[in-house]
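[1] Provide a 3D model corresponding to the input given below.
(one chain, ligands or ions: 2)
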Amino acid sequence: MAEIVLENVVKNFGKVRALRGVTVEVKDGEFLVLLGPTGAGKTTTLRIVSGLEEPDEGKVYIDGQLMNGVAPRDRNCAFVFQNYILYPHMTVYDNLAFPLRSKLWRVEEDEIRRRIERVARVLKIEHLLRRKPDKLSGGEQQRVALGRAMVRNPRVFLMDEPLSNLDAKLREEMRVELKSLQKNLQATFFFVTHDHVEAMTLGDRVVVLNQGSVMQVGAPEVVYSRPANLFVARFVGTPEINLIPAEVMGETLRCKTMGTTWKLSEIPFFQEVRNIPSRVFMGIRPEDILLGQGDKFGEVYLVEDLGVDKVIRVKTDHTILRVRASQEAQFAVGERVPYLFRTEKLIFFDPVTEKLLG
Ligand SMILES: Nc1ncnc2c1ncn2[C@@H]1O[C@H](COP(=O)(O)OP(=O)(O)O)[C@@H](O)[C@H]1O
Ligand SMILES: [Mg+2]
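    Ligands and ions are numbered 1, 2, ... in the order given. Just a heads-up that it's a prediction; the model follows:
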């Protein structure tokens, strides 16, 4: 069991500013997901925790102990990479035993067997122990790679996009397994992904990283419903949030590009929040626009059938709204359709600072 703390960590690679003062706390036993696009600095962050890189500035603590300058092998972190490599000439059993047989750990063979049996049971790979890696599916190989991390009983699991090489169905299964694994082990997981769905389903909390800076830390539902800024709003959620430029004029909110006006009294945000700039970005998630009701109209532009539900694009003047509708919704391209914004769900951003208002 262990907590991880990064305090104001800065890392440059020549002119590249990979991390610009990152502060993150992973609580003991927490599943923390670090989410961000390629190049955000996610791998660098994990490598600094593991000791494979040293920060230029800032501090790293594991379990309250300062880790700067401590060798990777003395940090007791298990690192699971995106491209895990199993030794092809060894059986699964020997692959699992390998880290324990190293001079570093010197674990007795009896103890090794006990640990492998336990881990194999948890990961449901008991029947695979005698096979060689080339006789395993991708998902099985991935579980063995996880097992190799687990046999060491690490204090901390560091996982760098471990599911991204799996096909969609397997990825879904592994998500469920990882989550229950973490619950059973009560271990601290620091998990990196660029996939917001993975982040939302796995994380107790999510840290959104962009260009080496933390954009937001919060529970998945908070990051989704109250994104700290425009970047987070756009990065999290599919289809993407609708962001519409709007202007406060007297007692109304005017959206020129949509050709519509709302009364401020209709929008809870304006009753609750003071000091609102006159220009804002209005944000609304696709599921918070209702089609077939309301007194504003648009034209159906595109219908995407996703199986479970539909994404319907509705053109209103110069804006195309993304709307999530149920499977039963029947709208034809070109049709004039009324729409209703769930005004209690509207969020607003300052167009200058790009930050969430209120
Ligand atoms: N060893 C390195 N040498 C030079 N630049 C690097 C090195 N490692 C990472 N970078 C750069 O640092 C930035 C962050 O990289 P990385 O942490 O790998 O991002 P992520 O894992 O989020 O995709 C990128 O711009 C990347 O090109
Ligand atoms: Mg990476």
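
[2] what's near enough to touch the nearest residue to residue 150 once chain neighbours are set aside?
    In this structure, residue 150 finds its nearest non-sequential neighbour in residue 119, 4.7 Å apart by C-beta to C-beta, 6 or more residues apart in numbering. For glycine as for every other residue, the C-beta is placed from the backbone atoms N, C-alpha and C. By C-beta atoms under 8 Å, 6 or more residues apart in numbering, residue 119 lies in contact with 96, 147, 150-151.

[3] buried stuff in the helix or strand containing residue 119?
    Residue 119 is located in helix 109-123, with elements delineated by DSSP states H and E. By 16 or more other C-beta atoms under 10 Å, the buried positions in helix 109-123 come out as 112, 115-116, 119-120, 122-123.

[4] quick one: which of the contacts of residue 119 is most hemmed in?
    residue 96 (27 neighbours; other C-beta atoms under 10 Å).

[5] ok, the closest residue to that residue other than its chain neighbours to ligand 1 distance?
    With sequence-adjacent residues excluded and distances taken as C-beta to C-beta, 6+ apart, residue 96 is closest to residue 116, at 4.9 Å. Using C-beta to the nearest ligand atom, to the nearest Å, we find residue 116 at a distance of 31 Å from ligand 1.

[6] Tell me who's in contact with residue 116.
    Residue 116 neighbours (C-beta under 8 Å, 6+ apart): 93, 96-97, 129, 147, 151.

[7] pLDDT score assigned to residue 140?
    The model reports residue 140 with a pLDDT of 87.

[8] thinking again about what came up before, now that we have the contacts of residue 116, can you turn them into a markdown table and tack on secondary structure and pLDDT?
    Below are the contacts of residue 116 laid out as a markdown table (DSSP: H, G, I helix; E, B strand; the rest coil; pLDDT from 0 to 100):
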| residue | secondary structure | pLDDT |
| --- | --- | --- |
| 93 | helix | 97 |
| 96 | helix | 95 |
| 97 | helix | 95 |
| 129 | coil | 97 |
| 147 | helix | 90 |
| 151 | coil | 90 |
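
[9] which stretches of the chain aren't confidently modelled?
    1 (pLDDT under 70).

[10] From the contact counts, what lies against the top helix by length along it?
    The longest helix of the chain (DSSP state H) is helix 168-185. Judged by 3 or more C-beta pairs under 8 Å, 6 or more residues apart in numbering; DSSP states H and E, helix 168-185 is in contact with helix 109-123, helix 138-150, strand 188-193, helix 196-202.

[11] Go through it and flag the buried ones.
    So for helix 168-185, counting by 16+ other C-beta under 10 Å, buried means 170-171, 174-175, 177-179, 181-182, 185.

[12] for stretch 148-162, same thing?
    Residues of stretch 148-162 classed as buried: 148-152, 154-162 (neighbour count, 16+ other C-beta under 10 Å).

[13] touching ligand 1 at all, it?
    No: Stretch 148-162 is not in contact with ligand 1 by C-beta under 6 Å from any ligand atom; minimum separation 7.2 Å.

[14] Quick one: end-to-end distance for that stretch.
    13 Å (C-alpha to C-alpha, to the nearest Å).

[15] now it, how far from the chain's geometric center?
    18 Å (C-alpha atoms, centre = their mean, to the nearest Å).

[16] and that stretch, is it in reach of ligand 2?
    No: applying C-beta under 5 Å from the ion, one finds stretch 148-162 out of contact with ligand 2, separated by at least 5.9 Å.

[17] start the count at 838, not 1, going forward
    In the new numbering, first residue 838, that becomes stretch 985-999.

[18] List the contacts of residue 1088.
    Residues in contact with residue 1088 (C-beta under 8 Å, 6+ apart) are 1100-1102.

[19] Which stretches in the stretch 1088-1195 of the chain count as helices?
    Remark: helices assigned in the stretch 1088-1195 of the chain by DSSP state H, counting those that start in this stretch are 1105-1109.

[20] Kindly report the residues of it close to ligand 2.
    So the stretch 1088-1195 of the chain never meets ligand 2 (C-beta under 5 Å from the ion).

[21] How about the contacts made by residue 1049?
    Taking C-beta under 8 Å, 6+ apart as the test, what residue 1049 contacts is 848, 854-857, 859, 877-878.

[22] want to throw the residues you listed into CSV with distance to residue 1173 and secondary structure?
    CSV is the format used below for the contacts of residue 1049 (distance: C-beta to C-beta, whole Å; DSSP: H, G, I helix; E, B strand; the rest coil):
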residue, distance to residue 1173, secondary structure
848, 54, strand
854, 50, strand
855, 51, strand
856, 51, strand
857, 49, strand
859, 50, strand
877, 42, coil
878, 47, coil
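
[23] can you count the residues close to whichever residue of the stretch 1088-1195 of the chain sits closest to ligand 2?
    In the stretch 1088-1195 of the chain, no residue comes nearer to ligand 2 than residue 1191, which is 24.7 Å away by C-beta to the ion. Per other C-beta under 10 Å, the neighbour tally for residue 1191 reads 14.

[24] what separates it from residue 1048, distance-wise?
    13 Å (C-beta to C-beta, to the nearest Å).

[25] do residue 852 as well
    14 Å.

[26] Equivalent analysis for residue 1169, please.
    On the measure of C-beta to C-beta, residue 1169 and residue 1048 end up 43 Å apart.

[27] Between these two, which is the more surrounded one?
    Neighbours per residue (other C-beta under 10 Å) separate residue 1169 from residue 1048, with residue 1048 holding more: 15 against 8.

[28] about what we covered before: can I have the helix holding residue 956 written out in CSV, keeping just the CAs?
    What follows is helix 946-960, C-alpha atoms only, in CSV (Å, rounded to 0.1, in the frame of the first residue of the first chain):
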residue,chain,number,x,y,z
GLU,A,946,11.4,-21.4,-5.5
ASP,A,947,8.6,-22.5,-3.1
GLU,A,948,7.6,-19.0,-2.5
ILE,A,949,7.8,-18.2,-6.2
ARG,A,950,5.3,-21.1,-6.9
ARG,A,951,2.9,-19.9,-4.2
ARG,A,952,2.9,-16.4,-5.6
ILE,A,953,2.5,-17.5,-9.2
GLU,A,954,-0.4,-19.8,-8.2
ARG,A,955,-2.2,-16.9,-6.5
VAL,A,956,-1.6,-14.5,-9.3
ALA,A,957,-2.6,-17.0,-11.9
ARG,A,958,-5.9,-17.7,-10.0
VAL,A,959,-6.7,-14.0,-9.8
LEU,A,960,-5.9,-13.4,-13.5
